[in-house]
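A.B. asks: What shape does this take:
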Amino acid sequence: MEKKLFKTKKTTQNKVKYFDISTDIIVPDSKPDIVNLISEDANLFIYKTDILNSKIRLDGNINLYISYMSDEGEVKVINSFLNLVEQIDDQDVTEKSRIEYNIDTYCIDAKVLNERKVSVKIIFKYEYRVETDDVLELPDYSLVSLENVEKLDRIIKIKEYLGTGYSKASIKETIKLDSEITNIDIINLDTKIKNIENKISINKILTKAEIEVSLIYLDDNSRIMTKKEKFPVSAFVDIDGMNDKILADSTYRVKNVKIMNDSQNKNEFLIEIDLDICSSGFCIKDIEVIEDLYILGKDAKVSRELKNILVFNEGVKEENIINQRIKIDGLVSIYDMNVKISGKDENSNGNDLNLLVQLYYEKEGMSNLSYKEIYIPIMLKDTWNKVLINNNIKIEIVEEKYQINNEYLELEIKIELKTNEESFLDLTYIDTIEIKDRIDNESKMCMYFIKKGDSIWNIAKDFNVSKDELMRINNLESEEIKFGDRLFIVK
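C.D. replies: Coordinates of the predicted model:
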């Protein structure tokens with residue numbers, strides 16, 4: 001039987017690698033002694049990924065921000081910049097592989113060794129999957145001429161890929177501040193990519209997005225200030241064969257962020273952001289596969305093939321709103337709040353999925369900066385728990401709101417649950433067919449008593465009769481049958 005060829009991808013299930021970096025940070029001579037630590041924040045930017053056979057090498061920069069209470073009674077900040085080189089051994093990786101990944105700061109353990117030195121250990125969580133171009137071969141049943149065939153078939157959807165392209169983008173912007181700074185001391189920096197759009201032109205994808213930058217910093221008077229800005233970013237990605245009938249998706253990666261004081265204006269600073277962009281062109285195709293068949297009046301000998309393939313699903317969406325009221329002693333105001341999806345927390349009673357709320361706030365009677373991490377369990381319905389077990393779920397934070405009521409933080413967080421568009425399917429299908437004349441062509445009628453495990457399809461196939469005719473003769477409106485019932489078989 002001739003084959004149809006489809007350009008697809010071969011991908012692994014998500015994998016997780018943890019790696020850490022440890023260092024001692026010395027307080028600069030220009031800053032006062034440490035009394036105690038307030039918060040620690042680290043951003044890891046991967047600027048280079050080398051893919052070799054069975055290995056992934058990551059080169060990155062770590063921007064570390066430590067805020068502390070000084071012996072002068074003020075909040076001070078230490079900014080440190082570290083290098084990271086990490087190698088991951090993975091037998092699924094070849095030089096032709098692509099790596100789709102998400103990297104996050106899993107935890108930071110910082111300890112004061114003395115008033116001038118801090119010991120820091122940072123653990124990063126690297127969640128990734130390996131993708132390689134692949135060709136899917138399936139039988140072309142349309143080229144086989146069959147009469148009086150009864151078949152058990154199904155339609156599957158796949159993504160057929162046209163190709164993958166890469167581009168780079170950068171942002172150089174000036175951000176105006178509400179107060180003067182001579183040297184920016186960053187307490188927290190967060191970047192998010194939002195609102196990705198793709199427009200198709202001949203042999204190109206024009207991809208657009210917004211990058212949101214959230215910043216907490218100290219001004220020259222040691223006041224805690226916040227700033228949030230959005231910047232547009234766009235790039236052209238070249239892929240041969242692109243046209244307006246092809247779909248596209250794009251992934252943005254921030255690989256470096258630089259923040260510098262503007263020497264000409266103390267109310268401004270300069271920000272530079274470098275990004276890598278990966279785009280793919282694809283179309284969705286419906287493919288018929290035949291799982292079983294027989295031919296009336298003929299003997300059909302078939303061979304079957306079993307493949308594990310990546311299929312496309314329309315996906316199921318659901319929005320949930322999580323409300324939580326949390327008492328925080330002495331809460332006055334909030335500087336910034338960051339919410340993200342987190343895994344298991346040691347205090348979450350075994351819950352596998354949580355919201356992690358990172359809160360920078362002012363506390364009455366204390367320093368003007370406090371930091372707190374709050375874990376909120378995400379309670380899912382049984383149907384979504386099954387999807388979660390199979391690692392076939394995406395959870396995104398759509399909206400986050402808060403208000404302060406006395407010393408209570410009242411949170412309202414909207415999340416979107418969505419099944420992954422692609423999932424693995426063990427597919428058994430007929431690969432070859434050999435047809436011979438049937439020796440027994442005599443007309444006859446018999447009575448058959450249904451046994452355990454029987455189905456209408458199997459009974460019709462065993463007796464080489466039409467399934468629809470079998471149901472008509474026995475006045476069956478559905479294919480549901482019961483053990484011990486009888487059927488009339490007419491040939």
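A.B. asks: For the rest of this, base every contact and every neighbour count on C-alpha atoms.
C.D. replies: Noted.
A.B. asks: Mind listing what's buried along stretch 163-179?
C.D. replies: Buried positions in stretch 163-179, judged by neighbour count with 16 or more other Cα atoms under 10 Å: 163-167, 169-171.
A.B. asks: Run a quick check on V490 versus A460, I expect a contact.
C.D. replies: No. Counting by Cα atoms under 8 Å, V490 stays clear of A460, with 10.3 Å between them.
A.B. asks: Phi and psi next, for W457.
C.D. replies: With angles defined as degrees, to the nearest 10, W457 sits at phi -60, psi -50.
A.B. asks: Can you name the residues that contact it?
C.D. replies: Applying Cα atoms under 8 Å, 6 or more residues apart in numbering to W457 gives the contacts K467.
A.B. asks: re earlier: joint contacts of V490 and A460?
C.D. replies: Common contacts of V490 and A460 (Cα under 8 Å, 6+ apart): L470.
A.B. asks: Which residue is the nearest non-sequential neighbour of F282?
C.D. replies: Once flanking residues are discounted, F282 sits nearest to Y161: 4.2 Å by Cα to Cα, 6 or more residues apart in numbering.
A.B. asks: What number of residues are in the vicinity of that neighbour?
C.D. replies: For Y161, the neighbour count with other Cα atoms under 10 Å is 21.
A.B. asks: following the helix or strand that it is a member of, which helix or strand shows up next?
C.D. replies: If you go by DSSP states H and E, Y161 is part of strand 149-176. Beyond strand 149-176 on the C-terminal side, the first helix or strand identified by DSSP H and E is strand 185-201.
A.B. asks: ok, the closest residue to D238 other than its chain neighbours - contacts?
C.D. replies: In space, D238 comes closest to K204 once its chain neighbours are excluded; the distance is 4.6 Å by Cα to Cα, 6+ apart. Taking Cα under 8 Å, 6+ apart as the contact definition, K204 lies against 236-240, 242.
A.B. asks: So for K204, what's the pLDDT?
C.D. replies: The score at K204 is 95. That number is its pLDDT.
A.B. asks: K245 now?
C.D. replies: Taking K245 on its own, its pLDDT is 89.
A.B. asks: quick one: secondary structure of the residue nearest to it when sequence neighbours are not counted?
C.D. replies: Ranked by Cα to Cα, 6+ apart and with sequence neighbours excluded, the top spatial neighbour of K245 is C283, at 7.9 Å. C283 carries the three-state label strand when classified by DSSP: H, G, I helix; E, B strand; the rest coil.
A.B. asks: and what of E469?
C.D. replies: Judged by three-state DSSP, the three-state class of E469 is helix.
A.B. asks: That one and Y448, how far apart?
C.D. replies: E469 sits at a distance of 15 Å from Y448 (criterion: Cα to Cα, to the nearest Å).
A.B. asks: same check, this time on N405
C.D. replies: From N405 over to Y448 the distance is 74 Å, taken as Cα to Cα.
A.B. asks: Also E373?
C.D. replies: 68 Å.
A.B. asks: bridging residues for L206?
C.D. replies: With DSSP bridges as the criterion, the beta-bridge partners of L206 are K199, F236.
A.B. asks: Pull out the buried residues from the host helix or strand of E272.
C.D. replies: E272 is part of strand 268-295, with elements assigned from DSSP H and E. Judged by neighbour count using 16+ other Cα under 10 Å, the buried positions of strand 268-295 are 268-269, 271, 273-282, 288-295.
A.B. asks: Let's check: the centremost residue of the chain is which one?
C.D. replies: K394 (5.8 Å; Cα atoms, centre = their mean).
A.B. asks: In this structure that residue contacts I415, no?
C.D. replies: No. When contacts are counted by Cα under 8 Å, K394 is not listed as touching I415 (10.2 Å).
A.B. asks: okay, N405: pLDDT?
C.D. replies: Note on N405: pLDDT of 93.
A.B. asks: Please apply the same query to V233.
C.D. replies: According to the prediction, V233 has pLDDT 97.
A.B. asks: Near it, how many residues? Count them for me, please.
C.D. replies: Here the number of neighbours of V233 (other Cα under 10 Å) works out to 17.
A.B. asks: my read: it touches E197, true?
C.D. replies: No. V233 sits out of contact with E197 when judged by Cα under 8 Å, with a separation of 10.7 Å.
A.B. asks: which neighbours do those two share?
C.D. replies: With Cα under 8 Å, 6+ apart, V233 and E197 have common neighbours 208-209.
A.B. asks: which of V490 and A460 has more neighbours?
C.D. replies: Neighbour tally, V490 and A460, criterion other Cα under 10 Å: the higher count belongs to A460, 20 against 15.
A.B. asks: Tell me if I am right that the more buried one is in a helix.
C.D. replies: Yes. With the criterion set as three-state DSSP, the secondary structure at A460 is a helix.
A.B. asks: partner residues bridging Q403?
C.D. replies: Using DSSP bridges, the bridge partners assigned to Q403 are E410.
A.B. asks: how many other residues sit next to it?
C.D. replies: If we define neighbours as other Cα under 10 Å, then Q403 has 13 of them.
A.B. asks: Against E115, how distant is it?
C.D. replies: According to Cα to Cα, Q403 and E115 sit 37 Å apart.
A.B. asks: what's the answer for L275, then?
C.D. replies: With Cα to Cα as the criterion, L275 and E115 are 38 Å apart.
A.B. asks: on that earlier part again, show me the contacts for the residue nearest to K245.
C.D. replies: Counting by Cα under 8 Å, 6+ apart, C283 touches 159-162, 245-247.
A.B. asks: Provide a list of residues in contact with L177.
C.D. replies: Applying Cα under 8 Å, 6+ apart, one finds that L177 lies in contact with 227, 267-269.
A.B. asks: tell me the two of these that are most distant?
C.D. replies: Looking at those by Cα to Cα, the two members farthest from one another are K227 and N267, with 12.4 Å of separation.
A.B. asks: Any stretches of this structure with poor pLDDT?
C.D. replies: Counting by pLDDT under 70, the chain contains low-confidence ranges at 343-352, 366-367, 383, 385-392, 440-442.
A.B. asks: for it, what spans make up the helices?
C.D. replies: In order along the chain, the chain carries the following helices (DSSP state H): 382-389, 456-463, 467-473.
A.B. asks: May I see the ones you listed arranged in JSON lines, with distance to V302 as well?
C.D. replies: JSON lines is the format used below for those (distance: least, Cα to Cα, whole Å):
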{"stretch": "helix 382-389", "distance to V302": "35"}
{"stretch": "helix 456-463", "distance to V302": "13"}
{"stretch": "helix 467-473", "distance to V302": "19"}
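A.B. asks: closest one to F124 among these?
C.D. replies: It's helix 382-389; of these, that one is closest to F124 (Cα to Cα) at 22.3 Å.
A.B. asks: I'd say I186 and L218 touch.
C.D. replies: Yes. Under the criterion of Cα under 8 Å, I186 lies in contact with L218, with a separation of 6.7 Å.
A.B. asks: The two: who's more crowded?
C.D. replies: I186 (24 against 21).
A.B. asks: check contacts around that one.
C.D. replies: With contact taken as Cα under 8 Å, 6+ apart, I186 is in contact with 65, 77, 79, 215-218.
A.B. asks: Please identify which of those residues is nearest to R129.
C.D. replies: Proximity to R129 was ranked across these by Cα to Cα; first place goes to Y65, at 29.9 Å.
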